[in-house]
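Undergrad: with the input below, show me the fold.
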Amino acid sequence: MEISSFELIYKPQSPVGAADRVLQGYFLNITNLEDTQLFFRVDFVTSSVTDPDRSLFNNTVAFIDTPNQNNVPASLIGALASPSFLLSPFVTIPPNGTAKIAVLPSDPFPVAGFPANFEARGFVTLRLPPVFVFNGTFFSLQPQLPNPARVLLTPQNRATYLDQAGTINDQTQATLPTCPCGITEIEPESSIFFGFGGLSDQLSGMEQTPMPNLSETDLAMMLTALASGDADLRTLNAELKKAGVGIAVENRKT
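TA: So this is what the prediction gives:
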């Protein structure tokens, strides 16, 4: 579903005359009102552009803050002319927890001799993707919930204003309108059952029966969610290798 618009800026406040430079980022609070942990997918959708000063490509830094982890580095995945950029990793929110996502301009920051001239706009979408379930024999992508997930959403613009010497003159934050308002329900995405014959056979046939909107990046992020459980990762990795998927999954403590 669509959450809100976004606008990232690092440029003069006015195109004419003396003006402060504005450094503006996008912040999003997501509150999980359910009694189970959920994984959310966030995308930043823009027009396809090739101007490096108007694309999200290589021009942002991102962080995900959750009740259990403080400011985990994240990234927006896409190419220069991509019309959409995927926030990686998925946003994992514990029961009744709140996560904060921050996306900020990273290039160009104030550098002597280089003018500030970056801006990018678009809208943000939130999805509740299916998750991999693997018990050593059966493979499936299953909805995270049997019903829509209830969430509270608070998107904001936060801006810092710098004078010509780089001194901070002011800071502002403004809550953006959301659609819909109040408690939002996110529909879980549908399940896909792989069944017998191994994951490799099923993945190799995906060209004949493609899964909508499922890229290798999506697959990797779903497998990351799977690794947090009790899956037989050795068998899973063997199946991925046979399928020609250049991904392996392992558990690591962070």
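
Undergrad: quick one: the helices in the stretch 51-200 of the chain?
TA: 198-204 (DSSP state H, counting those that start in this stretch).

Undergrad: so where's it uncertain?
TA: Flagging of the stretch 51-200 of the chain using pLDDT under 70 yields the residue ranges 107-115, 134-139, 179-182, 190-200.

Undergrad: mind redoing it with 50?
TA: Scanning the stretch 51-200 of the chain with the threshold set as pLDDT under 50 gives 193-198.

Undergrad: can you give me the strands for it?
TA: 60-65, 72-77, 84-88, 91-93, 98-105, 118-127, 131-134, 139-142, 149-162, 168-175, 184-186, 192-193 (DSSP state E, counting those that start in this stretch).

Undergrad: winner for burial among those?
TA: Scoring the strands of the stretch 51-200 of the chain by mean neighbour count under mean count of other C-beta atoms under 10 Å gives strand 91-93 as the most buried, with a mean of 22. Where C-beta positions appear, they are placed from N, C-alpha and C, glycine not excepted.

Undergrad: partners of that strand, with directions?
TA: strand 38-45 (antiparallel) (DSSP bridges).

Undergrad: I figured residue 78 was touching residue 57, is that so?
TA: Yes. With contacts counted by C-beta atoms under 8 Å, residue 78 reaches residue 57, the gap being 6.0 Å.

Undergrad: what sits in contact with each of the two?
TA: residue 85 (C-beta atoms under 8 Å, 6 or more residues apart in numbering).

Undergrad: now the strands of the stretch 51-200 of the chain as CSV including distance to residue 250?
TA: What follows is these, written out as CSV (distance: least, C-beta to C-beta, whole Å):
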stretch, distance to residue 250
strand 60-65, 21
strand 72-77, 19
strand 84-88, 18
strand 91-93, 18
strand 98-105, 25
strand 118-127, 26
strand 131-134, 14
strand 139-142, 18
strand 149-162, 28
strand 168-175, 40
strand 184-186, 30
strand 192-193, 24
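
Undergrad: what's the closest of those strands to residue 44?
TA: Closest to residue 44 of the strands of the stretch 51-200 of the chain, according to C-beta to C-beta: strand 84-88, at 4.6 Å.

Undergrad: picking that back up, among the strands of the stretch 51-200 of the chain, which comes closest to residue 3?
TA: Per C-beta to C-beta, nearest to residue 3 of those: strand 118-127, 4.6 Å.

Undergrad: now the closest one, how far from the centre of its chain.
TA: Distance, stretch centre to chain centre, for strand 118-127: 11 Å (C-alpha atoms, centre = their mean, to the nearest Å).

Undergrad: contacts only, for the nearest residue to residue 62 once chain neighbours are set aside.
TA: Nearest non-adjacent residue to residue 62, counting by C-beta to C-beta, 6 or more residues apart in numbering: residue 74, 4.1 Å away. When contacts are counted by C-beta under 8 Å, 6+ apart, residue 74 touches 62, 63, 64, 87, 88, 89, 101.

Undergrad: hmm, the fifth one is touching residue 77, no?
TA: Just to be clear, that refers to residue 88. Yes. Between residue 88 and residue 77 there is a contact under C-beta under 8 Å: 5.2 Å.

Undergrad: of the strands of the stretch 51-200 of the chain, which is nearest residue 14?
TA: Here strand 149-162 is closest among those (C-beta to C-beta), at 11.7 Å.

Undergrad: the closest one pairs with which strands, parallel or anti?
TA: Strand 149-162 is paired, per DSSP bridges, with strand 21-32 (antiparallel), strand 168-175 (antiparallel), strand 184-186 (antiparallel).

Undergrad: does the residue positioned nearest the centre of the chain have beta-bridge partners, and which?
TA: Nearest to the mean C-alpha position of the chain, by C-alpha atoms, centre = their mean, lies residue 87 at 2.2 Å. Beta bridges link residue 87 to residue 76 when assigned by DSSP bridges.
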